[in-house]
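>>> turn this into a structure:
(chains A and B)
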Amino acid sequence: GESVGLHLPTLSVQEGDNSIINCAYSNSASDYFIWYKQESGKGPQFIIDIRSNMDKRQGQRVTVLLNKTVKHLSLQIAATQPGDSAVYFCAENPPSGGSNYKLTFGKGTLLTVNP
Amino acid sequence: SAVISQKPSRDICQRGTSLTIQCQVDSQVTMMFWYRQQPGQSLTLIATANQGSEATYESGFVIDKFPISRPNLTFSTLTVSNMSPEDSSIYLCSVEDSGNTIYFGEGSWLTVV
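Predicted coordinates for the structure are as follows:
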């Protein structure tokens, strides 16, 4: 039978390097995007969000880039630290009359930071 | 950001039984949601918990299997009914805060044996 969901895309980086995690979203009408970090045994933690009227947004050590032409989202983490090791999920929200609730999540990327 | 507490954090359940998960938020929120995360997979929205009315379920999820309560603006429960091993998952409560950002609780990790 098919093995479902046991093989996440992975990214392995050295401590101090910059990391780039990519996400292809599905709905060209989506107007809001979020990146979450999920550490082992924990719930998803909000990192940064961006709306469709922007193409770049910066936070503390993180930058999100949005390319609506190719429906691509990326998360850049500067000076990656061992504590950044986690699964990272992108989520999109199609227009839904004002509420941002109906998130569709990507499959996730496992980031491993080597000391 | 909203602080979300879920109980139980973990449980091992016998097949055929039901379990109710509680979600408490530290502030009043309009929107509360329940997600499921099966082992090694991404998150899937189960339903929106509406205060004072019946929950709104997503395709593939039904009230008989996942009854939801929302008695006030800070609390909700999700029941997983007649459990089977396929229901072994993380069940996550989430809320939309006043800034329209979605936050998640730490999840309730259920194993059905």
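
>>> what's the neighbour count on the residue in chain B that chain A sits nearest to?
Per C-beta to the nearest C-beta, the residue of chain B with the smallest distance to chain A is residue B:41, at 3.7 Å. No exception for glycine: its C-beta is placed from N, CA and C like everyone else's. A count of nearby residues for residue B:41, using other C-beta atoms under 10 Å in any protein chain shown, gives 17.

>>> next: residue A:55.
12.

>>> state the distance from the residue of chain B closest to chain A to residue B:16.
With the distance defined as C-beta to C-beta, to the nearest Å, residue B:41 ends up 24 Å from residue B:16.

>>> tell me the phi and psi of the residue of chain B closest to chain A?
For residue B:41, the backbone dihedrals (degrees, to the nearest 10) come out as phi -120, psi -180.

>>> hmm, the helix or strand bottoming out on mean pLDDT in chain A touching chain B?
Every helix and strand of chain A was ranked by mean pLDDT, DSSP states H and E. The lowest is strand A:104-105, at a mean of 92. Yes - applying C-beta under 8 Å from any C-beta of the partner chain, one finds strand A:104-105 touching chain B at residue A:105.

>>> likewise stretch A:74-83?
No - Stretch A:74-83 does not reach chain B (C-beta under 8 Å from any C-beta); its nearest approach is 15.5 Å.

>>> quick one: residues in contact with that stretch.
The contact list for stretch A:74-83 (C-beta atoms under 8 Å, 6 or more residues apart in numbering or on different chains) reads A:13-23, A:35, A:47-48, A:61-65, A:84, A:88, A:90, A:111, A:113, A:115.

>>> could you list the buried residues of it?
Residues of stretch A:74-83 classed as buried: A:75-77, A:80 (neighbour count, 16 or more other C-beta atoms under 10 Å in any protein chain shown).

>>> export those residues to CSV and tack on secondary structure and pLDDT?
Below are these laid out as CSV (DSSP: H, G, I helix; E, B strand; the rest coil; pLDDT from 0 to 100):
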residue, secondary structure, pLDDT
A:75, strand, 98
A:76, strand, 98
A:77, strand, 98
A:80, coil, 97
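
>>> how about the strands in the chain?
All of this refers to chain A. A:10-14, A:19-24, A:32-38, A:45-51, A:56-58, A:62-67, A:72-77, A:86-93, A:104-105, A:109-114 (DSSP state E).

>>> hmm, no, I was thinking of chain B.
Using DSSP E, strands in chain B cover B:4-7, B:10-13, B:19-25, B:31-37, B:43-49, B:56-57, B:68-72, B:75-80, B:89-96, B:102-104, B:108-112.

>>> need those in CSV (columns: distance to chain A).
Formatted as CSV, the strands of chain B follow (distance: least, C-beta to the nearest C-beta, whole Å):
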stretch, distance to chain A
strand B:4-7, 8
strand B:10-13, 9
strand B:19-25, 11
strand B:31-37, 5
strand B:43-49, 5
strand B:56-57, 10
strand B:68-72, 14
strand B:75-80, 13
strand B:89-96, 5
strand B:102-104, 4
strand B:108-112, 8
